[in-house]
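Enquirer: Turn this into a structure:
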Amino acid sequence: MSDEPRKISKSHGQTPTEASLARFCDYTFLKLWSYANPFKSDGKELCDLIAVFENHIFLFFDRESRTFDTASHDINIIWERWKKTAIDRQIATADGAARYIQRHRDEVYLDPKCTVRLPIKLAEDSLVIHRFIVAHGAKDACLEFSSDNVSGSLGITYSDDPDDPRTAFPFIVHLRRTNPVHILDSHTLSIVLAELNTFRDFVSYIDAKEQAISRYDYLSYCGEKKICLAIIFKILTLKLNNILSVVEKSA
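Expert: Presented below is the predicted three-dimensional model:
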């Protein structure tokens, strides 16, 4: 038997949008810590892409729905169908994947026959799992629905009231505050990973965002770009204040 280490072969995604996600991650800081299409011990896919950094696990679920290409003129019906396919079902899948990792963190594989384990050992304690849904297929409909939406991104709201009348409109996604899920699309994913170009910056951003979701009863924004820039500004301000404090003490 050869003692040479087995060469790890990465998946490049199984659908065009998954391939795009995997390819994009390979061009960013995620390359060394991410693997597309990992599998559970039963041979079923765990998620579309997993990334690991210290005790943080990032699970990405990519889904494209062409529901808006139908001939129906009732935007509310089309919206609910699209959201159910591209977001709601993916959230349920993400929750199941998170539970699996908590219970079977040593049983994540790179192939459906479970012969190659994930080459990154997951932390035994204080594991933090972040869920991301990358949803495609609504951009053009968003742009057509409102001239104020210049990027075609979805409105996102975190609150404890799923029947909040402020979210009862097409292209506004209501999300829970507990175990939050992050909704991105190809446009906002590229912005976030371009602005946050190290894993440390990315973790700091996600931690700050999830702390804000937990702190405020109601958090709403349109497009990840806006909240991303706001949190980056706050993080940089805190860092600057810390630096100034050290300089003043040493003066």
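Enquirer: Is the residue nearest the centre of the chain in a helix, a strand, or coil?
Expert: The chain has F132 as the residue nearest its centroid, 2.1 Å off, counting by CA atoms, centre = their mean. What DSSP: H, G, I helix; E, B strand; the rest coil gives for F132 is strand.
Enquirer: residue contacts, it?
Expert: F58, L59, F60, F61, A94, V181, H182, I183, L184 (CB atoms under 8 Å, 6 or more residues apart in numbering). C-beta coordinates here come from the backbone N, C-alpha and C atoms, glycine included.
Enquirer: buried stuff in stretch 113-126?
Expert: L118, L122 (16 or more other CB atoms under 10 Å).
Enquirer: Other residues contacting stretch 183-197?
Expert: Applying CB under 8 Å, 6+ apart, the external contacts of stretch 183-197 come out as 17, 20-21, 24-25, 28-30, 87, 132-136, 138-139, 151-154, 156, 173, 175, 202, 205, 223-225, 228-229, 232.
Enquirer: Apply 6 Å and report the result again.
Expert: If you take CB atoms under 6 Å, 6 or more residues apart in numbering as the criterion, stretch 183-197 is touched by 28-29, 133-135, 151, 153, 156, 173, 202, 205, 223-225, 228.
Enquirer: so of the residues you listed, which ones are in strands?
Expert: I133, V134, A135, I156, V173 (DSSP state E).
Enquirer: ok, the first one to E224 distance?
Expert: For I133, the distance to E224 equals 12 Å [CB to CB, to the nearest Å].
Enquirer: The second one too?
Expert: Distance, V134 to E224, by CB to CB: 11 Å.
Enquirer: where along the stretch 51-200 of the chain do the helices fall?
Expert: Taking DSSP state H, counting those that start in this stretch as the criterion, the stretch 51-200 of the chain carries its helices at 75-83, 89-103, 139-145, 186-195, 199-215.
Enquirer: For burial, what's the neighbour tally of V52?
Expert: Counted with other CB atoms under 10 Å, the neighbours of V52 add up to 22.
Enquirer: What of K84?
Expert: K84: 13 surrounding residues under other CB under 10 Å.
Enquirer: I'd like to know how many residues surround L219.
Expert: Applying other CB under 10 Å, I find that L219 has 18 neighbouring residues.
Enquirer: Isn't it up against Y158?
Expert: Yes: using CB atoms under 6 Å, L219 is in contact with Y158, at 4.5 Å.
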